[in-house]
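Participant: Sequence below, structure please.
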Amino acid sequence: MMTLRRSDARGLADHGWLYSRHSFSFAEYHDPAHMGWGNLRVINEDRIAPGTGFGTHGHRDMEIISYVLEGELAHRDSMGNVKGIPPGDVQRMSAGSGVRHSEFNLAQGQVTHFLQIWIEPNEFGVTPSYEQTSVPPAAKNGQLALVAAPRTQASVPAHAVRIHADARLCGLC
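Facilitator: Have a look, this model is predicted:
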């Protein structure tokens, strides 16, 4: 059964530079009633202050999807990707056998507001990879748009990133 969980009922981390709401147990926030849902492990709503961000850190065997709502997120990883992620872009990083990355808000005087979603993959130890696409204006008419789908699924729109997981992620764009 699905239940509505309002923002103020979710976990909160306020580090000054980072204000984050956690839908499921994450980092210092632990709630045995909210550990994830199926292979969906993390949905964090993050707000990063200008000129700050997450220093270089590592991940393994996780599909990590970021969707920027406001501002711009700067991404750099050990695969050689250096990208800016503007509002409306969907980024997927398959951590696989291991990847290191950092994320920063380089937007002058503006908080970057984004969602970060972690999905446990159905394949472990894959070669790490990165993908970034833009959701086109036609898909952003206040409707749900498919933004991530399994690599094996046929007929997926070009703006959806492909994941190593049995999951379809739709967002209200």
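Participant: Was I right to think Tyr67 contacts Phe114?
Facilitator: Yes: using C-beta atoms under 8 Å, Tyr67 makes contact with Phe114 at a distance of 6.2 Å. C-betas here are computed from N, CA, C, even on glycine.
Participant: how near is Arg21 to Ala49?
Facilitator: In this view, Arg21 and Ala49 are 16 Å apart by C-beta to C-beta, to the nearest Å.
Participant: One more: Pro150?
Facilitator: From Pro150 to Ala49 the distance is 35 Å (C-beta to C-beta).
Participant: Identify the bridge partners of Asn44.
Facilitator: His22, Gln116 (DSSP bridges).
Participant: Spell out, range by range, the strands that occur in this structure.
Facilitator: For the chain, applying DSSP state E gives strands covering 11-14, 18-22, 40-48, 53-59, 63-70, 73-77, 82-85, 89-94, 99-105, 112-119, 129-134, 144-150, 161-163, 169-172.
Participant: could I get those as CSV with mean pLDDT?
Facilitator: What follows is the strands of the chain, written out as CSV (pLDDT from 0 to 100):
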stretch, mean pLDDT
strand 11-14, 96
strand 18-22, 97
strand 40-48, 97
strand 53-59, 98
strand 63-70, 95
strand 73-77, 97
strand 82-85, 96
strand 89-94, 96
strand 99-105, 97
strand 112-119, 97
strand 129-134, 96
strand 144-150, 90
strand 161-163, 95
strand 169-172, 80
